[in-house]
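Novice: build the 3D model from these lines:
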Amino acid sequence: MSNDGQEMLNPETMLSIPLKKTDPVELYLPLRNLVASKYSESDAEKVEGVLETLNKCRRDMVERRGDLSLPMQRDCLIHYFKCLSMVELLFTSLSSDADPIIFVWYDAFNPEHEDGVSSQRNGIQLEKAAVLFSLGAIYSKIAASCDRTTALGRHLAMEAFKVAANFFLQLWKVFAKDVVSATLDLTLLFAKFLCCLFSAQASELELQQQLNNEDASCALQQHRRALAFMSVYKLYRRAYKLISTDSAARKHVYSFDQTWETHLYQKLTFFQAEARQRKSSILPESERPNLLSRVTSCADAECVAEILVRGICRRSIFKPRQIYVDLILSEYNPFKIMKDGKLVANPWDVPPPYPTDSAILSSSLSSLPLSGILAFLPLKKSEPLNLYESLRNYFVLKYSESVAKRVEGLLQMLHKLRNEMLRDDLSLPLRRNCLIHYFKCLCMIEPFFPMNDTPNPPVFVWYNAINPQQDSSQHNIHLEKASVLFNLASLCTHIALSCDLTTIQGHCLAVDALNDALHWLKQLSFLSKEACGTIDLSEQYIHSTNNEIVRLKSKFPHPQSDVSSYPAAAFDPLASGPLAEILVQSSTPQYLGSKLKTCTSDVTGQFLVGYCKAHSLLQGVCEAACLDLLSEVSPLKIKDGNLVFNAILEAPNLALENMILQETPH
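Specialist: Numbering: from 1, shown residues only. So this is what the prediction gives:
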C-alpha cells in the first residue's frame, strides 16, 4: 500500500450514469387549450410564452441531445424543470373526456429501451422524477468528463458529483415514492444507491485534494485524514450493500455494466483498510477543535485557477433570495413578469441579456412620504483603479507569464466591471447586476490578498457615503468587498422607492428589493470588522440602516390592483419576501396545499407558485456556483483550463446597455 494511499485514489476510476430516454409528446396545444377553456383567452395569451418554451425544451431534450454539450443539456433540463413546475397544477384540471397527455420513459440502464413505463392518465409525477434523474445523470457525466489530473478538474468534478448526489437525494426523499409502477432506476432503492455512490466519489476527490495540499506532520491533519478515509469508506459500503443485497438491483446493474460491482467492492475494501490503519490518529473528544477547517488549496502555479474558482462557491452570499427582483429586473433571468401580468419565458439556448420590464419602475418617488431614505443611504463613491495591470503583474511575478494568460479573462472582466459600477448613467437594474458580478469576481481573487510579493499592489480608495470629505485608502480587499455590498444595499433601496406601488408587480418588486437590501446588509455585517474603512461601514451604522429599512417596509401602502391572483405573503411587510412562506415551507405538503387553494385563483398565480417551488428546490440542490463557469452562456467561463471572457455575450450586453441608457431619464 502506498504512502497516504494516493496511488489507489485513481481519479480515472469514477462512475457516471446515462440519461433516461423518452418518447416525444406535444404539450403546447393541449395545455393552451386547457388554459383558454378553464380561464380565458387573455389568460392563455399571458402564459403562452411559458407553454411554448416548455414544448421547445422537451423537444430539444428528446431530439437534440446528441448535438448539445453536457453543460447545454444541463441548461435545457433545468429550464424544462422550471417550466414543468409552472404548469404542474394544470394537469389536475384535465377533464376525463380530454385527450390525455401521456409521458413515456425508459430505464436508463437498459440500452435496448425495453419495458418503458408510461405515466398514469394526465400524470406529471413520472415526468418530474425522470427529469430529476436526468439532471443527476448529466452532473455525473460532467464530473466524469473533467480532467481530474489537475487541481481545477478535481475541484469541478467534486462539486459536480455533490450536485448529482443532491439530485438523487431529492429523488429518493421526495419524488420516487410518488411514482407508481416506475422503471427500476426510479425506485427508492436505486435513488438511494446513486445518492450514496456519487457522495462517495465526491468525498474521495475531496480527500485526494486534501492529501495533495496538506502537510501530514501535525496531529490535526492526521486526525482530519483519518476521519475523511472513514467517511469515504462508509459511503462506499452503503452503496455496495444496497445493490449486493437486492437480487433484482444486482441483476439490473450487472446487465448494464459487469464491472460496477467489482469496482465498488475494490473501493470498499481499500478505504476500509486505510480507515483501520489510520484509526489510531483520530483524536479523543477532549483534544478535538470545535471546528475543523475546510480543505485549503495549494498555492503553486498548477492550482491558481482552482483557487480562483473555489472563491465563488460561497453560495450563501450569491444565492438569489428575492424572486420578484429576478423575475422583473434581472437581465440574466429568462423568466419575466411584465406590467400587464404577462409571463415571458426566453428560450433556454438564447444567451442573455434578456429585456427587463423597466416600466414597473416609475417616477412616483416624489409623491411618496418615504423618500427620505435616499438621503440616509446614498451610494459610496470610489476612485478609478486599473485592477487589470496590477493583478496581471502580480501573477507574472508570483507565478509565470503562462499562469497570467490562463486567468487573463477574469482580470479583464474585473477591470471592466469596476469601471462600469462607478458609472452614474446606468439604469438601476443594470447597475445592480454589475455590482453582483463584480462582487463574485472579488471573491475569486480574494485568496491572493494581501499581495505582498508585488511592488505595486492595488490600492482601493472609497469615500464616506455620509460625508464625502472623508475617505479610506487601503490595500485591503475587504474594504472593496464591503463597499460593494454597501452599494448593493443602497441601490436596492433606490429600486424599491422607484417602483410603481399602485401595481401588484411594483409592490412585489419594492418589497423584494428591500428584502434584497437587508440581505446585502447582513453580508456586510460579517465583513465590517475586517473592512476597517469609513464610518458608514461600521457595525453601528449597518445596524441603524437595517432598522430604517425594516421601518420603511412597514409603511409601504398596499397596491390598488386586484390581488386575488398573488400569494398573500407578498403583501406582508414583515415577511421575508414574496412567496417567502411557500419557499420556506414548500416541503410541507399540507401547508402548501392550503396555500395553493387560497393563492392561485388566476393561472398566472399558479404558474408563479410553481416557479417558486422549482426555484427553491434547484437553488437548494445546485449549490456549486463554480459549475456555472462551464455553461456556454456564462459571462466568465472555463475553457481548456483557462478563465476566459465570453465574447459571445459582449455584443448583446453593449446593445442592451445602449438601449437602457437611451430610455432612462436623467
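Novice: contact partners for the nearest residue to residue 468 once chain neighbours are set aside?
Specialist: Of all residues beyond its chain neighbours, the one nearest residue 468 is residue 381 (6.5 Å), with distances taken as C-beta to C-beta, 6 or more residues apart in numbering. In short, each C-beta sits where N, CA and C put it, glycine included. Residues counted as contacts of residue 381 (C-beta atoms under 8 Å, 6 or more residues apart in numbering) are 422, 462, 463, 465, 468.
Novice: nearest to residue 517 among those residues?
Specialist: Top of the list for closeness to residue 517, among those and by C-beta to C-beta, is residue 465 at 13.9 Å.
Novice: show me the contacts for that closest one.
Specialist: Contact analysis of residue 465 by C-beta under 8 Å, 6+ apart lists 377, 378, 379, 380, 381, 486, 490, 534, 536.
Novice: relative to residue 456, which of those is nearest.
Specialist: residue 381 (23.2 Å).
Novice: quick one: the closest one from residue 517, how far?
Specialist: For residue 381, the distance to residue 517 (C-beta to C-beta, to the nearest Å) stands at 19 Å.
Novice: picking up where we left off before, so how do I select the buried members of the contacts of residue 381 in PyMOL?
Specialist: Buried subset of those, written as a PyMOL selection, criterion 16 or more other C-beta atoms under 10 Å:
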select buried, resi 422+462+463+465
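Novice: columns pLDDT and distance to residue 446 on top of the contacts of residue 381, output as TSV?
Specialist: As requested, the contacts of residue 381 are arranged in TSV below (pLDDT from 0 to 100; distance: C-beta to C-beta, whole Å):
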residue	pLDDT	distance to residue 446
422	92	20
462	96	17
463	95	22
465	92	23
468	90	27
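Novice: what is the nearest of the contacts of residue 381 to residue 277?
Specialist: Closest to residue 277, out of all of the contacts of residue 381 and judged by C-beta to C-beta, is residue 462, at 53.4 Å.
Novice: show me the strands in the stretch 201-350 of the chain, by range?
Specialist: In the stretch 201-350 of the chain, the segments counted as strands under DSSP state E, counting those that start in this stretch are 335-337, 343-345.
Novice: tell me the most buried of these?
Specialist: Mean neighbour counts were compared across the strands of the stretch 201-350 of the chain using mean count of other C-beta atoms under 10 Å; the top stretch is strand 335-337, at a mean of 24.
Novice: what is that strand packed up against?
Specialist: Strand 335-337 sits against helix 323-329, strand 343-345, with contacts defined as 3 or more C-beta pairs under 8 Å, 6 or more residues apart in numbering; DSSP states H and E.
Novice: the shortest one packs against which elements?
Specialist: Right, strand 343-345. Using 3+ C-beta pairs under 8 Å, 6+ apart, the elements in contact with strand 343-345 are helix 41-63, strand 335-337, helix 603-621.
Novice: how about the ones you listed, which one is nearest residue 167?
Specialist: Closest to residue 167 of those is helix 603-621 (C-beta to C-beta; 5.8 Å).
Novice: what strand or helix carries residue 131?
Specialist: helix 125-145 (DSSP states H and E).
Novice: look up how far residue 359 lies from residue 506.
Specialist: 9 Å.
Novice: common neighbours of these two, please.
Specialist: With C-beta under 8 Å, 6+ apart, residue 506 and residue 359 have common neighbours residue 500.
Novice: so how far is the helix ranked longest in the chain from its chain's centroid?
Specialist: Ranked by number of residues, the top helix in the chain under DSSP state H is helix 504-531. Its chain's C-alpha centre and that of helix 504-531 lie 18 Å apart, by C-alpha atoms, centre = their mean, to the nearest Å.
Novice: can you list the buried residues in it?
Specialist: 504-521, 523-525, 527-528, 531.
Novice: how many residues are close by residue 125?
Specialist: Here the count is done by other C-beta atoms under 10 Å, and residue 125 has 19 residues near it.
Novice: I figured it hits residue 131, correct?
Specialist: No. Using C-beta atoms under 8 Å, residue 125 is not in contact with residue 131; the gap is 10.9 Å.
Novice: now the nearest residue to residue 546 once chain neighbours are set aside: how far from residue 330?
Specialist: In space, residue 546 comes closest to residue 521 once its chain neighbours are excluded; the distance is 5.2 Å by C-beta to C-beta, 6+ apart. Separation of residue 521 from residue 330 (C-beta to C-beta) stands at 20 Å.
Novice: quick one: residue 492 and residue 511 touch, right?
Specialist: No. Residue 492 lies out of contact with residue 511 (C-beta under 8 Å); the separation is 11.1 Å.
Novice: quick check: residue 256 touching residue 107?
Specialist: No. Here residue 256 does not reach residue 107: they are 9.1 Å apart, not a contact under C-beta under 8 Å.
Novice: thinking again about what came up before, which of the contacts of residue 465 fall within helices?
Specialist: Of those, the ones assigned to helices by DSSP H are 486, 490.
Novice: number of residues surrounding the residue lying closest to residue 352 once chain neighbours are set aside?
Specialist: Leaving aside its sequence neighbours, residue 352 sits nearest to residue 332 (C-beta to C-beta, 6+ apart; 4.7 Å). Other residues near residue 332 come to 17 when the count uses other C-beta under 10 Å.
Novice: is it true that residue 332 touches residue 354?
Specialist: Yes. Taking C-beta under 8 Å as the definition, residue 332 is a contact partner of residue 354 at 7.3 Å.
Novice: quick check: residue 268 vs residue 195, distance?
Specialist: Taken as C-beta to C-beta, the span from residue 268 to residue 195 is 17 Å.
Novice: name the residue in these two with the higher neighbour count.
Specialist: Applying other C-beta under 10 Å to residue 268 and residue 195 shows that residue 195 carries more neighbours, namely 25 against 22.
Novice: what about that one, is that helix, strand or coil?
Specialist: Three-state call for residue 195 (DSSP: H, G, I helix; E, B strand; the rest coil): helix.
Novice: can I get the helices and strands packed on strand 335-337 in TSV including mean pLDDT and distance to residue 242?
Specialist: Listed next are those as TSV, based on pLDDT from 0 to 100; distance: least, C-beta to C-beta, whole Å:
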stretch	mean pLDDT	distance to residue 242
helix 323-329	90	37
strand 343-345	93	39
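Novice: still on that earlier bit, nearest to residue 397 among the contacts of residue 381?
Specialist: Ranked by distance to residue 397 (C-beta to C-beta), those are led by residue 462 at 26.4 Å.
Novice: need the contact list for that closest one.
Specialist: 380, 381, 382, 383, 471, 472, 479, 480, 483, 533, 534.
Novice: is it true that it lies in a helix?
Specialist: No. Counting by three-state DSSP, residue 462 is located in no helix; its state is strand.
Novice: report the beta-bridge partners for it.
Specialist: residue 382, residue 472 (DSSP bridges).
Novice: so how far is residue 636 from it?
Specialist: Distance from residue 462 to residue 636, counting by C-beta to C-beta: 24 Å.
Novice: hang on, the earlier thing: ok, now which ones touch the residue nearest to residue 546?
Specialist: Residue 521 touches 485, 489, 542, 545, 546, 549, counting by C-beta under 8 Å, 6+ apart.
Novice: could I get these as TSV with pLDDT?
Specialist: Shown next, in TSV, are these (pLDDT from 0 to 100):
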residue	pLDDT
485	96
489	95
542	93
545	91
546	92
549	89
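Novice: so which of those residues comes closest to residue 21?
Specialist: Comparing the contacts of residue 521 against residue 21 with C-beta to C-beta places residue 485 closest, at 46.0 Å.
Novice: circling back to that earlier point, tell me which strands and helices the helix holding residue 131 is in contact with?
Specialist: The helices and strands touching helix 125-145, judged by 3+ C-beta pairs under 8 Å, 6+ apart, are helix 70-87, strand 104-106, helix 151-170, helix 188-213.
Novice: which of the ones you listed is buried the deepest?
Specialist: With neighbours taken as mean count of other C-beta under 10 Å, those reach their highest mean count in helix 151-170, at a mean of 25.
Novice: mean confidence (pLDDT) on the helix holding residue 131, please.
Specialist: Averaging pLDDT along helix 125-145 gives 95.
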